[in-house]
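Participant: 3D model of this:
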Amino acid sequence: MDSGTESWSQWQRPRPTAAQRRGDVFSGLGVLAGGLLMTVLVNSMGMQVWGTGPALAEQLMWAAAITAPLVVRRSYPLVVLLVVGALLIVVQLRQTGDNLVPSVALFLAIYTSGAWERNRTVARWSRIGVIAVMFGWLGLSLVVFLSQPSPEPLPGAMGPLDPVLASVLHGIAFNVVYFLSAYFFGELAWVSARRQAELERRAEELRHSQEENTRGAIVAERVRIARDLHDVVAHHVSVMGVQAGAARRVLASDPELASSALRTVEDTARTAIGELHGLLGVLRAGDTESGRENLAGLDQLPDLVTAARSAGLEVEHGVYGQPRPVPDGVALSAYRVVQEALTNVVKHARARRAEVRVRYLDSTLEVEVTDDGRGAAETGRSSGGFGLLGMRERISVHGGELETGPRQGSGYRVRASFPAAATAEVGS
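Facilitator: Numbers count the residues shown, from 1 in each chain. This is a model prediction of the structure:
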C-alpha cells in the first residue's frame, strides 16, 4: 500500500457546515412533526400495534423524544445513534401506538453514524453493536410472542406455511433488510464523500502544478529573452565602443579615418536596432511563423564577420562540407554562438586574427570560432559569464555540445556542435 492510500485510509470527514446543520434542524423537525401526526392518527383509528397503549399524551411525549435528537444528527452522530436506539426499546416496551416513525428515526441514526462519524472504528462497531442489540431485542420479543397461547388462525390465511412461522420469518427478513440497508447506505455516503474530497484535492494539486508550470514557463521565457537581448546588444555595443574609441584617438590627426569609424558606429547602431525590432517582432507575433522572417541565421554570419573586421580584427570565414537547410532554431543558435564568441574576442582577447568555421559533417553541424588572443587565463572567460551560459543553454535545447577553452600556445576556441537529427528536421 502506498503512502497516498494510507493517508486516505486515515481521512476524516469535515464537520458539517452551517447550511448542513440548518438542514438537520429542518429535517429533524419534519420527522418530529410526522411522528406526532402518526401517533394521533393511529390512536384516532384505533390501530395501535400492540392493541393497547399508554395515554395519548405519553405517546406524544415518546414520539417527540425519539425524533428530537435528529436535529443534531450530523453534528453528534454517535450520541444520536445511542440515544435513538435506547429510546426505541423504551418506546416498544411502553407499547406506543405508532412504530413507523420510531423505525424511521433509528434508520436515519444508523445511516448518519456511518456517513458522518469521523472515527471509522467507532462508527463501525457502534452500528454493529446497536444492530446486535436490536436483533437481541427482536429475538426476545419473538420468544415472548411464541410463549403466549396460539392465536386463532386468521380467516384469510391460505399459504402453505403456518401463520405463526410466517409471521416470525417475515419479521426477521424485514429487519435484516432494514438494518443492512441503513448500514450499507451510510457506508456508501462516507465513501462517496471521501472520493469527492480526493477529487477536490487532486484538482487543487493539478491547479498548483499548472501554476508552477506557468511560472516555470514565464521564467524560462524571461531567460530566453534576456539571452537574446544580451546576444544582440553586447555584440553591437562592443563594436560601437571599439570604433568610437578609435575615432576619438584619431579625430585630431586623421579626421577621415575618424569619420569612417563613426560611420561604422552609425551602421552598427542601425543593425542593432534592426535586430532588436526583429526580436521584438518575434516576441509579439501571434503565431510562430509570422516572425521568422526576421530571425538571424547562418546566412547572416558574413555580416558578423564584416562587423568584427570593422572593429580592427582580421577575420577569416570558411564553410566546409555540403551546405544543407537547418531548422530556424538551430540556425539562430549557431548564429548567436558565433556572435557571442566574436564579441568576446573584440572585448577581451586583444587578438589580431580570428577564424569562423562552419562545418556540415555527416552526423553534426559545427560552428567554431578561434582567435590568437590572450586566452581564458587572461580574459577570464573560463569563469562562465552570462554569454557562455547563454551559449550552453541554447545548444542544450537542441541536444548539442559546447566546447570552450584556450588553444595550445595562445588564443581561445569556441566550438558548438548540433546533432544531425536536429539539423534534419527541415527536410523531414
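
Participant: so which helix or strand takes in residue 15?
Facilitator: For residue 15, there is no host helix or strand (DSSP states H and E).

Participant: and residue 316, how many neighbours does it have?
Facilitator: Neighbour count of residue 316, defined by other CB atoms under 10 Å: 12. C-beta coordinates here come from the backbone N, C-alpha and C atoms, glycine included.

Participant: so where does the closest residue in space to it that isn't next to it in sequence fall, helix or strand?
Facilitator: Distances taken as CB to CB, 6 or more residues apart in numbering place residue 355 nearest to residue 316, at 4.8 Å, with adjacent residues excluded. Per DSSP H and E, residue 355 falls inside strand 353-360.

Participant: Can you point out the buried residues in the helix or strand just after that strand?
Facilitator: Sequence-wise, the next helix or strand downstream of strand 353-360 (DSSP H and E) is strand 364-371. The neighbour-count check on strand 364-371 (16 or more other CB atoms under 10 Å) flags 364-371 as buried.

Participant: tell me the angle strand 364-371 makes with strand 353-360.
Facilitator: 180 degrees (axes from the mean of the first three to the mean of the last three CA atoms, to 10 degrees).

Participant: Point out the other helices and strands that strand 364-371 packs with.
Facilitator: helix 328-344, strand 353-360, strand 412-419, helix 420-423 (3 or more CB pairs under 8 Å, 6 or more residues apart in numbering; DSSP states H and E).

Participant: and these, which is most packed in?
Facilitator: Stretch with highest mean neighbour count among the helices and strands packed on strand 364-371: helix 328-344 (a mean of 24; mean count of other CB atoms under 10 Å).

Participant: re earlier: distance between the strand holding residue 355 and the chain's centre?
Facilitator: Centroid separation between strand 353-360 and its chain, computed with CA atoms, centre = their mean, to the nearest Å, is 48 Å.

Participant: ditto for stretch 185-202
Facilitator: Put simply, stretch 185-202 sits 20 Å off its chain's centre (CA atoms, centre = their mean).

Participant: quick one: average confidence on stretch 168-184?
Facilitator: The average pLDDT within stretch 168-184 is 87.

Participant: got the buried residues for it?
Facilitator: In terms of neighbour count (16+ other CB under 10 Å), stretch 168-184 has its buried residues at 168, 178-179, 182-183.

Participant: could you redo the residues you listed as JSON lines and give each row secondary structure and distance to residue 297?
Facilitator: Formatted as JSON lines, the buried residues of stretch 168-184 follow (DSSP: H, G, I helix; E, B strand; the rest coil; distance: CB to CB, whole Å):
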{"residue": "168", "secondary structure": "helix", "distance to residue 297": "94"}
{"residue": "178", "secondary structure": "helix", "distance to residue 297": "81"}
{"residue": "179", "secondary structure": "helix", "distance to residue 297": "80"}
{"residue": "182", "secondary structure": "helix", "distance to residue 297": "76"}
{"residue": "183", "secondary structure": "helix", "distance to residue 297": "74"}
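
Participant: Relative to residue 206, which of those is nearest.
Facilitator: residue 183 (34.9 Å; CB to CB).

Participant: The closest one touches residue 130, doesn't it?
Facilitator: No. With contact defined as CB atoms under 8 Å, residue 183 does not reach residue 130; the gap is 9.8 Å.

Participant: Could you name every residue contacting both of these two?
Facilitator: Common contacts of residue 183 and residue 130 (CB atoms under 8 Å, 6 or more residues apart in numbering): residue 110.

Participant: What are the boundaries of the helices in the stretch 251-400 of the chain?
Facilitator: Taking DSSP state H, counting those that start in this stretch to define them, one finds helices in the stretch 251-400 of the chain at 255-284, 301-310, 328-344, 376-379, 386-397.

Participant: circling back: quick one, the strand holding residue 355 and helix 301-310 angle?
Facilitator: 170 degrees.

Participant: Listing partners with orientation, what would you give for strand 353-360?
Facilitator: Its sheet considered, strand 353-360 pairs with strand 314-320 (parallel), strand 364-371 (antiparallel) by DSSP bridges.

Participant: what residue ranges in the stretch 301-428 of the chain score low on pLDDT?
Facilitator: By pLDDT under 70, the low-scoring segments of the stretch 301-428 of the chain are 375-387, 421-428.

Participant: I'd like the distance between the closest residue to residue 310 other than its chain neighbours and residue 245.
Facilitator: Distances taken as CB to CB, 6+ apart put residue 264 closest to residue 310, at 4.4 Å, once the chain neighbours are dropped. As for residue 264, its distance to residue 245 is 12 Å (criterion: CB to CB, to the nearest Å).
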